[in-house]
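Chemist: build me a model:
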Amino acid sequence: MLSTENNGISVAKFKNTFDPQRIVHGFSTRREGLNMSNSMGQGWDAVHEDRSCFLSALGLDYSRTIWVRQVHGTQVVVVDKNTRPSLTLEADALVTDRRNVPLLIVCADCVPILLYDPVREVVGAAHAGWRGTVACVAEEAVKAMEKAYGCLPQNIHAGIGPSIGPCCYEVGEEVISAYLERFPQWQDAIMIRYGSKAKLSLWESNRRQLLELGVPAQNIEVAGSCTSCNTDLFYSERKEGRPSGRFCSVISVL
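Modeler: As a prediction, this is how the structure comes out:
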């Protein structure tokens, strides 16, 4: 990933996946103390101020930004002119063809997945923890792009953002069983077993889901930035304990 500074605010971006002339995307960091949720007890006024600061650094208007309450599910919101940001609307993915309407999701260790179809000029953002990954929220987001806008998977570009990596993501029997039931054919690629524990790759799990849908391998970029290993840049609930802050992922068609 590239780490840049926009108007004094640190921004992490993919190097190759998204055309900067056609879309804006970025991941906030914690370097300036920004926290994109109220998970650490700060009030919503402070959250909105931090989000607005980051969106402004990207040249985007926070007042036009869409976000929802994330619940580790697979609900996808197709954002149209009537959609408003909401703390009551529960979803874990957003898609839209509207210009200058940023889609925002928040994460600590879960995987942010950004999507872009340059043919239809459609973007998407998904939040995939282990539950969302097993339930295939990335697949649901791509299918929503297909159904709502006629997108074809072979045209989609995807970025799998900073999240806890296979180096640090140790899981127990509940998660192992769920993964093996859903992805038995990928066991060797996504998990290293040792006794009743395993190290799991959320990155590879979501990359393979996108490949199976028809997204070309060359169109998928994996950030490879482990939040647990890089707490100078990103929040990590697994590393730092609860409560921890959140960083945000943003994507918008220009």
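Chemist: show me where the stretch 1-150 of the chain has strands.
Modeler: 2-6, 9-13, 23-28, 76-78, 93-96, 103-107, 111-117, 122-128 (DSSP state E, counting those that start in this stretch).
Chemist: want to throw the ones you listed into a markdown table with distance to Q218 and mean pLDDT?
Modeler: No exception for glycine: its C-beta is placed from N, CA and C like everyone else's. What follows is these, written out as a markdown table (distance: least, CB to CB, whole Å; pLDDT from 0 to 100):
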| stretch | distance to Q218 | mean pLDDT |
| --- | --- | --- |
| strand 2-6 | 19 | 74 |
| strand 9-13 | 18 | 94 |
| strand 23-28 | 18 | 97 |
| strand 76-78 | 25 | 98 |
| strand 93-96 | 22 | 98 |
| strand 103-107 | 24 | 97 |
| strand 111-117 | 14 | 98 |
| strand 122-128 | 19 | 98 |
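Chemist: closest one to Y62 among the ones you listed?
Modeler: strand 103-107 (8.7 Å; CB to CB).
Chemist: residues in contact with the closest one: which ones?
Modeler: 36-37, 51, 55, 65-67, 70, 79, 92, 94-96, 112, 123-127, 161-163, 227, 246-252 (CB atoms under 8 Å, 6 or more residues apart in numbering).
Chemist: that strand vs strand 23-28, what angle?
Modeler: On the basis of axes from the mean of the first three to the mean of the last three CA atoms, to 10 degrees, strand 103-107 is oriented at 20 degrees to strand 23-28.
Chemist: mind checking how far strand 103-107 is from the chain centre?
Modeler: Counting by CA atoms, centre = their mean, to the nearest Å, strand 103-107 is centred 6 Å from the centre of its parent chain.
Chemist: same question, stretch 69-78
Modeler: Worked out by CA atoms, centre = their mean, stretch 69-78 lies 12 Å from the chain centre.
Chemist: V175 versus the closest residue to C110 other than its chain neighbours, what's the distance?
Modeler: Counting by CB to CB, 6 or more residues apart in numbering, C110 lies nearest to G129, which is 3.9 Å off, once chain neighbours are set aside. As for G129, its distance to V175 is 10 Å (criterion: CB to CB, to the nearest Å).
Chemist: so, low pLDDT: which residues of the chain?
Modeler: 41 (pLDDT under 70).
Chemist: give the residue farthest from the middle of it.
Modeler: G195 (30.7 Å; CA atoms, centre = their mean).
Chemist: mind listing what it touches?
Modeler: Counting by CB under 8 Å, 6+ apart, G195 has no contacts.
Chemist: helices - which of the contacts of strand 103-107 land there?
Modeler: R51, L55 (DSSP state H).
Chemist: now do the buried residues in stretch 172-180.
Modeler: V175, I176, A178, Y179 (16 or more other CB atoms under 10 Å).
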